[in-house]
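*Asks:* Please find the sequence and the predicted model below.
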Amino acid sequence: MCGRRSRALRRLLAAAALAGLGCAGGQAQAPQAAARLEIDASSVVEVVPDLATLRVAVVANADEQDAALLANAKIAAGVIARARQSGVEAKDIDVDRIKVSPRYETLIVEGREERGRQIGGYAASNTMTLTIRDIPRAGTLIRELLKAGVNVIEDIQFRLSEDRMSAARAEVRAAALKSAQDHAEAAERAAGVKLGKLIGVGSPPPADGLADLGGPPEEPDDLGPTLVIEPGVIEVHDVVRVVWALERQ
């Protein structure tokens, strides 16, 4: 099968070369578009993330709205202080949502729980996002935040810093170009044509992924001595289209 594909590629490229370069002898022909070779090549590199984004929340309950909000603020201040003591910089702590909502009494109707119309108190929640720049310490930080009063861990995601992403994109682009060059040289040998000057290089924007833990981590009954957080890898992709002119052998 490889032989048939190689022969087919040879005939295709040879025909393209003749169409673009013209045939010796015979009558003059109208100018035709120059023969060229287009190669699409892709590459992917796996990079270990160097940043983590952790979303946590503090929820406090009280009979009155103001009391719930004040209780929440006190706990949240302690959480922020503990995060700072654990090495998280102020610029990496973002309080992005504060909410106060009523808690309705739960009624038992025919053996089923239903929400009643009577307000039984209020819940105040404070959601914050922390950027972790030292991923190996993420497990320790989560433990410290839980001790300080965090009672909801919403999500943790891993990503690349700008410097590491730039380096990864340069690496994957170089690999894709090398792949395109290798394929072009293989086509050159198979079809008996000669690569001319490079006409152009283009590509769609790279698609960058996010690695995650697959969902919010659960708080274990016994935290134990360590809480291990593994970031995995992020795949960075690139696709290039490289175009060469074809010349007569």
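*Replies:* Noted; the coordinates are in hand. Numbers count the residues shown, from 1 in each chain.
*Asks:* host element of the closest residue to Gly149 other than its chain neighbours?
*Replies:* Leaving aside its chain neighbours, Gly149 sits nearest to Ile75 (3.9 Å; criterion: Cβ to Cβ, 6 or more residues apart in numbering). C-beta coordinates here come from the backbone N, C-alpha and C atoms, glycine included. Assigned by DSSP states H and E, Ile75 belongs to helix 65-85.
*Asks:* and that helix, average pLDDT?
*Replies:* Averaged over helix 65-85, pLDDT sits at 95.
*Asks:* Can you point out the buried residues in that helix?
*Replies:* By 16 or more other Cβ atoms under 10 Å, the buried positions in helix 65-85 come out as 68-69, 71-72, 75-76, 78-80, 82-83.
*Asks:* Just the C-alphas of it, formatted as PDB.
*Replies:* The C-alpha coordinates for helix 65-85 follow below in PDB (Å, rounded to 0.1, in the frame of the first residue of the first chain):
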ATOM      1  CA  GLN A  65     -28.800  39.600  57.300                       C
ATOM      2  CA  ASP A  66     -26.400  42.000  59.000                       C
ATOM      3  CA  ALA A  67     -25.200  39.400  61.500                       C
ATOM      4  CA  ALA A  68     -24.600  36.800  58.700                       C
ATOM      5  CA  LEU A  69     -22.600  39.400  56.700                       C
ATOM      6  CA  LEU A  70     -20.500  40.400  59.700                       C
ATOM      7  CA  ALA A  71     -19.800  36.800  60.600                       C
ATOM      8  CA  ASN A  72     -18.700  36.100  57.100                       C
ATOM      9  CA  ALA A  73     -16.500  39.100  56.900                       C
ATOM     10  CA  LYS A  74     -14.700  38.100  60.000                       C
ATOM     11  CA  ILE A  75     -14.000  34.600  58.800                       C
ATOM     12  CA  ALA A  76     -13.000  35.800  55.300                       C
ATOM     13  CA  ALA A  77     -10.500  38.300  56.800                       C
ATOM     14  CA  GLY A  78      -8.900  35.400  58.700                       C
ATOM     15  CA  VAL A  79      -8.800  33.300  55.500                       C
ATOM     16  CA  ILE A  80      -7.100  36.100  53.600                       C
ATOM     17  CA  ALA A  81      -4.600  36.600  56.400                       C
ATOM     18  CA  ARG A  82      -3.800  32.900  56.500                       C
ATOM     19  CA  ALA A  83      -3.300  32.900  52.700                       C
ATOM     20  CA  ARG A  84      -0.900  35.800  53.000                       C
ATOM     21  CA  GLN A  85       1.000  34.000  55.700                       C
END
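*Asks:* and for it, what are the contacting residues?
*Replies:* With Cβ atoms under 8 Å, 6 or more residues apart in numbering as the test, helix 65-85 has contacts from 56, 58-62, 90, 93, 95, 98, 100, 121-126, 128, 130, 141, 144-145, 147-150.
*Asks:* going on from that helix, what's the next piece of helix or strand?
*Replies:* Going down the chain from helix 65-85, the next helix or strand is strand 93-109, by DSSP H and E.
*Asks:* Counting by contacts, list what that following strand packs against.
*Replies:* Applying 3 or more Cβ pairs under 8 Å, 6 or more residues apart in numbering; DSSP states H and E, we find strand 93-109 packed against helix 65-85, strand 112-132.
*Asks:* Quick check on the contacts of helix 65-85: which are buried?
*Replies:* 56, 58-60, 62, 100, 122-126, 128, 130, 141, 144-145, 148-150.
*Asks:* Thank you, goodbye.
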